[in-house]
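Enquirer: Starting from these lines, generate the structure:
(one chain, ligands or ions: 2)
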Amino acid sequence: MIAIQTKLPRVDTTIFTVMSKLAAEHGAINLSQGFPDFSCDPELIAYVTEAMKNGHNQYAPMAGTEELRSMIASKNETLYGVNYDPESEITVTAGGTQAIFTAIAATISVGDEVIIFEPAYDCYSPAIKLLGGLVKPFGLSPPDYEIDWNMVKKLFSANTKMIILNSPQNPTGRIMKENDIQELIKLTKDTDILILSDEVYEHIIYDGEKHLSVSKYAELRERSFVVASFGKMLHATGWKLGYCLAPAYLMKEFRKVHQFNVFSVNTPMQIGIAKYLSVPARYTELGAFFQQKRDLFRALLSETKFKLLPCNGSYFQCVTYEEVADLSDNDMALRLVEDYGVASIPVSAFYNRNTDHHVLRFCFAKKQETLEKAVERLTKL
Ligand code: PMP
Ligand code: GLN
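Expert: Ligands and ions are numbered 1, 2, ... in the order given. I've put the predicted structure just below:
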C-alpha cells in the first residue's frame, strides 16, 4: 500500500449509500435515499430513445445542447421573469451534484469561508474542504428550522466568500420566505460574497406557496449560482442530469472547471428532455402531484407515535420519536430498518458538529401502496 494523505479524513461513505444498503440487506421498505419507486413518463423515454435512434450519440456541446439550454431559459423566464442567456449563462451538468461541486471548485480557494445552513445536504461540506475552504455551519433546530439572520451575521468575516442556500431544503422541507430573501439582500449588499442556491426541489412546493428563486432578485442574481436537477423534475434520479445558471462572469469560471471535469453530458437525454419539457405542465404540476403523496403520508403517520414536523416543500417528511424510544437518531434508524423493516435517514448525518435532535427523515416519493405498507409497519412501534 502506498501511504497517501487523505484529503477528507472525517468523511465516510454517504448516509444514503449506507441506509439503502441496509434496506436491501434487511429486505426493508426503503424510505431513506430520496428517489421515486415509480417510473418516469414512457413518453420521455420514447423521446430519448428516438434521439439515440436518430444518431445523437456523440459529444454534446460543452455547455449543453442548444435545444435544452433554450428550454431552460424559457422556463426560467416564464416562472421567475428572468432572462438567462443560453450562450453564456446556462450550463447543463451531470446532475445537481456536479453543478454544486463545479461552482465551489471554480470559486473557493484555501482559507475561504463558506456559510451553510444545517441540517445541510451532504455534498456541500466535502466539496468546500477539498478545495481548502472552511465550512462555517449555521445550525437550525426543529420544529421550524427558522433562520435567525442576526445570528447568521455573526458568522461573517473578512474571509466569507460564499453562502450556500437550499430551498426547498433537504432534509427539513423548509422553504425560504420573502423576509429571508430580504435579510439576505441586506446582509450581502456591498460585499463580494457569492451565493450558491441549491434549488433542485424548486417545483416541489406545497399549499399554494411560490418558490422564491434567488434568480428573481437582481441584487442576489448578480452574485449567484443557481442549481437545478432533472432527476427531481422527471422522476429519473438515475439519469444524473441537471444545470447551473449564473451571470456570464461567474459562468465563465464555472465552465473553465466543467470542461475539464466532465466536458459535456449525455446527448440523447438532453435532446429528449428538451422536447419533453417544452410542455410546461410537466414541471408546473409537480407540486400538486407530490402534495397528494405528502398529505397521504402525513395522514397515515398521524396514526403512529411519531410526531410530524412541518413539510412545505421537497419530498421528505421529518419526524421526532420521543414517545417511542430514547435512542440516538442513528440507533433509532437502525432499529427501524432491522426490527421493523423500514429504512429512514437519521438527520444528524446532515450536521458537521455532533447534533442530534432525534429527528428521522422519510422520503415519500413512493407509490401509495409503498407508503401504506411502510406506515403499517411503523404503526407496530
Ligand atoms: N441538492 C439536494 C438538496 C439534493 O437533495 C440532491 C439529491 N437529490 C442534489 C442536490 C443532487 O442532485 P442530483 O441527483 O441531480 O445530483
Ligand atoms: N438527494 C438524495 C437524498 O437526499 C440522495 C442522493 C444521493 O444518494 N447522493 O436522499
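
Enquirer: sec struct for I195, please.
Expert: strand (DSSP: H, G, I helix; E, B strand; the rest coil).

Enquirer: ok, which residues in this protein are in contact with ligand 1?
Expert: For the chain, the contact set with ligand 1 under C-beta under 6 Å from any ligand atom comprises 34, 95-97, 121, 166, 170, 198, 200, 229, 231, 237, 240, 242. The C-beta positions use only the backbone N, C-alpha and C, and glycine is treated the same way.

Enquirer: In strands, which of the residues you listed appear?
Expert: Counting by DSSP state E, the residues of the chain next to ligand 1 place N166, D198, S229, G242 in strands.

Enquirer: Most neighbours out of the residues of the chain next to ligand 1, which is it?
Expert: Comparing the residues of the chain next to ligand 1 by number of neighbours (other C-beta atoms under 10 Å), D198 comes first, having 27 neighbours.

Enquirer: Sketch out the strands for the stretch 51-200 of the chain, chain order is fine.
Expert: 90-93, 113-118, 134-139, 160-166, 194-198 (DSSP state E, counting those that start in this stretch).

Enquirer: Which elements pack onto the second one?
Expert: With contacts defined as 3 or more C-beta pairs under 8 Å, 6 or more residues apart in numbering; DSSP states H and E, strand 113-118 has these neighbours: helix 124-130, strand 134-139, strand 160-166.

Enquirer: In its sheet, which strands sit next to the second one, and in what direction?
Expert: Strand 134-139 has the following strand partners under DSSP bridges: strand 113-118 (parallel).

Enquirer: what's the neighbour count on A60?
Expert: 20.

Enquirer: Could you report the neighbour count for the nearest residue to E303 once chain neighbours are set aside?
Expert: Closest residue to E303 apart from its sequence neighbours, by C-beta to C-beta, 6 or more residues apart in numbering: T379 at 6.2 Å. Neighbourhood size, T379 [other C-beta under 10 Å]: 14.

Enquirer: Tell me if I'm right that T379 and L301 touch.
Expert: No - shown here, T379 and L301 do not form a contact pair, counting by C-beta atoms under 8 Å, at 9.2 Å.

Enquirer: Quick check, pLDDT for the closest residue to R174 other than its chain neighbours.
Expert: Nearest non-adjacent residue to R174, counting by C-beta to C-beta, 6+ apart: Y145, 4.7 Å away. Reading off the confidence values, Y145 has pLDDT 98.

Enquirer: Check R353 too.
Expert: 89.

Enquirer: Would you list the phi and psi of it?
Expert: Backbone torsions for R353, taken as degrees, to the nearest 10, come to phi -90, psi 150.

Enquirer: Quick check: the nearest residue to it once chain neighbours are set aside vs M233, distance?
Expert: Once flanking residues are discounted, R353 sits nearest to P137: 6.8 Å by C-beta to C-beta, 6+ apart. Separation of P137 from M233 (C-beta to C-beta, to the nearest Å) stands at 29 Å.

Enquirer: what's the answer for D12, then?
Expert: Distance, D12 to M233, using C-beta to C-beta: 30 Å.

Enquirer: Kindly report the same for R294.
Expert: 17 Å.

Enquirer: Run a quick check on G238 versus S229, I expect a contact.
Expert: No - counting by C-beta under 8 Å, G238 does not reach S229; the two are 11.9 Å apart.

Enquirer: give me every residue that touches the residue of the stretch 201-350 of the chain found nearest ligand 1.
Expert: Proximity of the stretch 201-350 of the chain to ligand 1 (C-beta to the nearest ligand atom) peaks at S229, 3.2 Å away. S229 is in contact with G95, G96, V200, L241, G242, counting by C-beta atoms under 8 Å, 6 or more residues apart in numbering.

Enquirer: Wait, the last one touches I90, no?
Expert: No - the pair G242 and I90 fails to qualify as a contact (C-beta under 8 Å) at a distance of 11.5 Å.

Enquirer: circling back to that earlier point, where does the residue nearest to R174 fall, phi/psi-wise?
Expert: Torsion angles, degrees, to the nearest 10, at Y145: phi 50, psi 40.

Enquirer: do N159 as well
Expert: Backbone torsions of N159, given as degrees, to the nearest 10, read phi -100, psi 0.

Enquirer: Could you check how far the spatially closest residue to K232 that is not a sequence neighbour is from K136?
Expert: Sequence neighbours aside, V200 is the residue nearest to K232 in space, at 5.2 Å (criterion: C-beta to C-beta, 6+ apart). The gap separating V200 from K136 is 22 Å, by C-beta to C-beta.
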